[in-house]
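Novice: got a sequence here, can you model it:
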Amino acid sequence: MRAVLGLDIGTSSTKALLTRFDGTVIAEVGRRHEVDRPEQGLVEMDAAVWWDEFTALTRELLERVPDAEVEAVGVSGIGPCVLLTDDAGEPLRPAILYGVDTRTAEMLPAVTAELGGEEAIRSRCGSALSTQAAGVKLAWVARHEPDVWARAARFTMPSSRVVELLTGEYVLDHHSASQCTPLYDVHEDTWIDAWCERLAPGLAMPRLVWSGDPAGTVTAAAAAATGLPVGIPVTAGTIDAWAEGVSVGAAVPGRMFLQYGTTMFMIAPTDEPVSVPGMWTTVGTRPGQPSVAGGMATSGAITDWLRRLVDGEWSTMLEEARCAGIGANGLLMLPYFAGERTPIADPDARGVIAGLTVRHTRGDLYRATLEATAYAVRHNVEVLREAGVEVHELVGAGGGLLGRLWPTIVSDVTGLPQTVPSVTIGACYGSAFLAAGLVEDVDVTAWNPPAARIEPDPAATAAHEPGYRDYRELYEATKAVVHRLAARGRSH
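Specialist: All right, here's what the predicted structure looks like:
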């Protein structure tokens, strides 16, 4: 049976699947894992997990489907992350994760000034510096861990680390590179050599490859470790949200992609690179696919936290949230449980729950969580529109689509219709699609046609308006207090 393998390394799990060349899923497997939070603001991961889970899941798939003849491999993962390795390819420290790790916050003004100011950076990179920027994370290691930096030879991300171990090739896809601000020029699609040398002195930068292009082929050593055939092609891979966007055909200007997961990611394709204050300008998985992206530091992570806190069962709590109704019986939440990325770019923002009484239930809290994330999506949409980026509809993917309540609330709050695709497995499915494209022509609309369309309820949209206005006001009203609380939290 002809097949392709797709893998995605997420924040809380790794997932892999086999598909036929028409997009039919043959089998899927997964492994849970944890990130490390050694202190407030630091979020890291042991990179050994990435390869260990890739090899284990690949062997499990091949055992489940012994007649599968895998012809290509596609990989994606969380990012932008920074893993430094030595000349032998051995990790020198745990990987530093994307914008949820806020260790670079204090460096941003100085690095911005060092490179000539925010406008100079925006004009080449499309985005201002933020805790999301992998280039500044490299600079942090160079300046704060000189012993590590002295031995550093390469840097990879989850997807490119697996690609390197599979193929022996040191590459990074263009999209992931475009989130290495300020090291990549989004207009020229290349590294900015002078800034690379300034912030990451002496580090060999990876060869740039488009996500769906071949990075190399499976080596004999990798074949022995995984059970894959020697010599099959491997894509360059990409960051998970973009692979998930590929899986639902989201690369169309006017359609904003939403990734419902541990964090929430938003991708708004544009005709040309557009700089939007507070958001990130990136290139896509293929040439000529620029976009503006946004991301919440926590979304599904908050619902998981709440379920663990009250020892609740997911389907029961979802129904309780549905019954709570619009406005969560007078509760309002700020979902900034790990700071916030876009559009406020505030690593010291914190979660706030306003309006609590002894009458409120866990269903009210769950509902307030879902509404808070929807308000955050609307905030990002409004910032995009103010910059001239049109958003007419949404297309969703990810586990949060199950049960339909969360995407329905998002559509009602934003007033935007939302397409739900037939397959919502996520980034590993998009990675498989890109892998299939290495072997033959494939069409994602045939792989994954729309399954449903959520239309916003005008009455519900109007009913959410006061809550959204209070949401915007609550952040400003509590900002000074939560910043002081964040500072005190760091001191303990």
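Novice: C-alpha only now, for contacts and for neighbours.
Specialist: Fine.
Novice: hey, C-alpha coordinates of the helix or strand of the chain with the lowest mean pLDDT in PDB?
Specialist: When the helices and strands of the chain are scored by mean pLDDT, DSSP states H and E, helix 444-447 comes last with a mean of 88. Only the C-alpha atoms of helix 444-447 are listed here, as PDB (Å, rounded to 0.1, in the frame of the first residue of the first chain):
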ATOM      1  CA  VAL A 444      -5.500  19.800  -0.800                       C
ATOM      2  CA  THR A 445      -9.100  20.700  -1.700                       C
ATOM      3  CA  ALA A 446      -9.500  17.100  -2.800                       C
ATOM      4  CA  TRP A 447      -7.700  15.800   0.200                       C
END
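Novice: so residue 49: helix, strand or coil?
Specialist: In three-state terms, and counting by DSSP: H, G, I helix; E, B strand; the rest coil, residue 49 is helix.
Novice: before we move on, what about residue 73?
Specialist: Residue 73 is classified as strand under three-state DSSP.
Novice: now residue 406
Specialist: Relying on three-state DSSP, one would call residue 406 helix.
Novice: was I right about it contacting residue 400?
Specialist: Yes: at 6.6 Å, residue 406 counts as touching residue 400 under the criterion of CA atoms under 8 Å.
Novice: wait, what's in contact with residue 421?
Specialist: By CA atoms under 8 Å, 6 or more residues apart in numbering, the contact list for residue 421 reads 248, 395-397, 448-452.
Novice: ok, now residue 266?
Specialist: Here residue 266 is in contact with 256-259, 293-295 (criterion: CA under 8 Å, 6+ apart).
Novice: scan those residues and report the most crowded one.
Specialist: residue 257 (30 neighbours; other CA atoms under 10 Å).
Novice: what sits opposite that one in the beta ladder?
Specialist: Counting by DSSP bridges, residue 257 is bridged to residue 267, residue 395.
Novice: from residue 241, how far off is it?
Specialist: 9 Å (CA to CA, to the nearest Å).
Novice: return every residue with contacts to both of these two.
Specialist: Residues within reach of residue 257 and of residue 241 at once, by CA under 8 Å, 6+ apart, are residue 265.
Novice: end to end on stretch 331-345, go ahead and measure it.
Specialist: The straight-line separation of the ends of stretch 331-345 (CA to CA) is 24 Å.
Novice: same thing with stretch 187-199?
Specialist: Start to finish, the residues bounding stretch 187-199 are 20 Å apart (CA to CA).
Novice: name the residues that touch it?
Specialist: Applying CA under 8 Å, 6+ apart, the contact partners of stretch 187-199 are 115, 124-125, 135-136, 138-139, 142, 174, 182-185, 203, 208, 273.
Novice: among these, which one sits closest to residue 89?
Specialist: Closest to residue 89 out of the contacts of stretch 187-199 is residue 203 (13.3 Å), distances taken as CA to CA.
Novice: tally of neighbours for the nearest residue in space to that closest one that is not next to it in sequence?
Specialist: Once flanking residues are discounted, residue 203 sits nearest to residue 153: 5.6 Å by CA to CA, 6 or more residues apart in numbering. Other residues within reach of residue 153 by the criterion other CA under 10 Å amount to 18.
Novice: just checking, residue 303 touches residue 365?
Specialist: No: using CA under 8 Å, residue 303 makes no contact with residue 365, being 9.2 Å away.
Novice: ok, these two, which is more surrounded?
Specialist: Set side by side, residue 303 and residue 365 show more neighbours around residue 365, with 24 against 20, by other CA under 10 Å.
Novice: A helix includes that one, no?
Specialist: Yes: counting by three-state DSSP, residue 365 falls inside a helix.
Novice: so what's it up against?
Specialist: Residue 365 sits next to 321, 328, 331 when contact means CA under 8 Å, 6+ apart.
Novice: how far away is the closest residue to the last one other than its chain neighbours from residue 258?
Specialist: Take residue 331 and drop its neighbours on the chain: the residue closest to it by CA to CA, 6+ apart is residue 355, 5.0 Å away. Distance, residue 355 to residue 258, using CA to CA: 29 Å.
Novice: could you do residue 300 as well?
Specialist: For residue 300 relative to residue 258 (CA to CA), the value is 13 Å.
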